[in-house]
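> predicted structure and sequence below. I'll ask about it afterward.
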Amino acid sequence: MSAVDAVSDSLKRMRAEFGDLEGGRPADYIPQLGLADPDAFGLALVSMDGHRYSAGEAETPFTLQSVSKPFIYAFVLSVLGLDEVSRWVGAEPSGDAFNAISLEPGTGRPANAMVNAGAIVTTALIPDTPGEPAFERILHCLGRFAGRELDVDEEVFTSESMTGDRNRALAYLIRSTGTLPVDPVLAVDRYFRQCAVRVTALDLATMAATLAYGGVNPVTRERVVSAEVAARVLAVMATCGMYDGSGEWLLRIGLPAKSGVSGGLIAVGPARFGLATYSPPLDATGTSVRGRAALGALSERYGLHLMLNPALPGSTVSLVTTADDLPSAPSAEHERVLHGKVGVVVAQGAIDFTAAERVLYALDESGADRSGSVVLDLHDVTSVDAVALPMLHTGLARLSSDGRRAAVVDPRDLLGPPELVREGTGQDLPRYATREAAVEGCAKALAGEG
């Protein structure tokens, strides 16, 4: 176990709390989707630092379905630009279900790229190139978002093709208005194949995190789309991603999101994280019942709503080092060796959920060999909110249980009175007024003097 496991623990608690939630049914109108395990429930989170956390069936493969829409919208915006794409597809909430006939009077444009009509047009806008057919370009782009090569579930593709008459009817109707740039049969076939691309919840969390990180995949560090494109996609997701329930979703959960009828669901915390869940039983709007409940609880309990002010990326952890690299480290060889075994993590600013994750990860990584003692310096921290406080307590307790002595520089008792911490974690957490004193205390403990 490690300090940062506190984040995974949060996901595991969500799975335990909502894993037995009843209601909904898999999307059996596509026969192959109806065969999915209704008890499967996976959750995943990817941070802006590329840290990946998961619980349950987070590595169980399933197909993207409508969760593919924001990523293909991002791709076509990158290829053609906003003005050209807007000639063909709007950006207004439809107020209708995902498969509704949502066409703009007078122009025939679909309402937005998140409903099926708009997604069919968006996919059709991607041109073939001499070296790469359009669908291969789509598959390659989705793989860059996920950080790995993806493939198509041919059985789901065939099943969807055999039962997709409504989408074909939509395509012909759009074509009759002049706003479908390719043959309807080709357009729908490409769209069905896009929906049948296979992923896991961890893949989806990485894809969502790429949008959160301004178009850069935080795991591979590759720029997939521009920051401007990522922002525009998130805007459409926020207003249209959950179809006729988008307003209620944004009000209560407050994260740009997209659902799919295979049971996938993503949510994006801009500059913070990508979240994903997988659970096949769907509600009447085509959204995973357990996924909706879990993301709602996470947002409420951890203060993830978009309109709340997050800690700025990279502003939380100002230093990760070992004590022998500090200016005040003693020069004696035996003392230098001891100090080299004391990791030091310095935090600053306001600590919320996202900031606490960064601190916990830094604590795990500190020290010459990720062992020995560790000092958490909170001298420059201005506040620790009610969500971050138990995360830090749990993480520090895990370090102690793994045999890593933890000490805290906490002159203002931001972690609470020492006796409260002891009661909450079962450990006697040493407190110091200065970093130097904390390092000395840990070094003496390592030498058997403390």
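The structure has been received and is ready for your questions.

> okay, now the sheet partners of the longest strand seen in the chain, with direction.
Longest strand of the chain, by residue count under DSSP state E: strand 373-384. Using DSSP bridges, the strands paired with strand 373-384 are strand 342-351 (parallel), strand 406-409 (parallel).

> can you map out the strands along the stretch 1-150 of the chain?
42-47, 52-56, 62-63 (DSSP state E, counting those that start in this stretch).

> parallel or antiparallel, which strands does the second one pair with?
According to DSSP bridges, strand 52-56 has the following sheet partners: strand 42-47 (antiparallel).

> then the last one?
Taking DSSP bridges as the criterion, strand 62-63 pairs within the sheet with strand 197-199 (antiparallel).

> next secondary structure after the partner strand?
Next helix or strand after strand 197-199 toward the C-terminus (DSSP states H and E): helix 201-212.

> orientation of that next one relative to strand 52-56 in degrees?
Angle, helix 201-212 to strand 52-56, by axes from the mean of the first three to the mean of the last three CA atoms, to 10 degrees: 140 degrees.

> CA atoms of helix 201-212 as CSV?
Taking Å, rounded to 0.1, in the frame of the first residue of the first chain, the C-alpha atoms of helix 201-212 are listed here in CSV:
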residue,chain,number,x,y,z
ALA,A,201,-12.6,2.4,-18.5
LEU,A,202,-8.9,3.2,-17.9
ASP,A,203,-8.6,4.1,-21.6
LEU,A,204,-11.7,6.4,-21.3
ALA,A,205,-10.3,8.1,-18.3
THR,A,206,-7.0,8.8,-20.2
MET,A,207,-9.0,10.1,-23.2
ALA,A,208,-11.0,12.4,-20.9
ALA,A,209,-7.9,13.5,-19.2
THR,A,210,-6.4,14.5,-22.5
LEU,A,211,-9.3,16.9,-23.0
ALA,A,212,-8.8,18.1,-19.4
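
> wait, isn't residue 156 in contact with residue 31?
No: between residue 156 and residue 31 there is no contact, the gap being 9.4 Å when judged by CB atoms under 8 Å. Glycine gets a C-beta too; all of them are placed from N, C-alpha and C.

> which of the two has more residues huddled nearby?
Shown here are residue 156 and residue 31; by other CB atoms under 10 Å, residue 156 has more neighbours (26 against 15).

> ok, the more buried one - contacts?
30, 32-33, 63, 195-196, 262 (CB atoms under 8 Å, 6 or more residues apart in numbering).

> for stretch 229-242, which positions count as buried?
Neighbour counts over stretch 229-242 (16 or more other CB atoms under 10 Å) mark 229-230, 232-234, 236-242 as buried.

> could you list the low-pLDDT ranges of the protein?
1-4, 94-104, 309-314, 324-340, 367-371, 418-428, 449-450 (pLDDT under 70).

> next, the residue nearest in space to the middle of it: secondary structure please.
Nearest residue to the geometric centre of the chain (CA atoms, centre = their mean): residue 274, 1.3 Å. Secondary structure, DSSP: H, G, I helix; E, B strand; the rest coil: residue 274 is strand.
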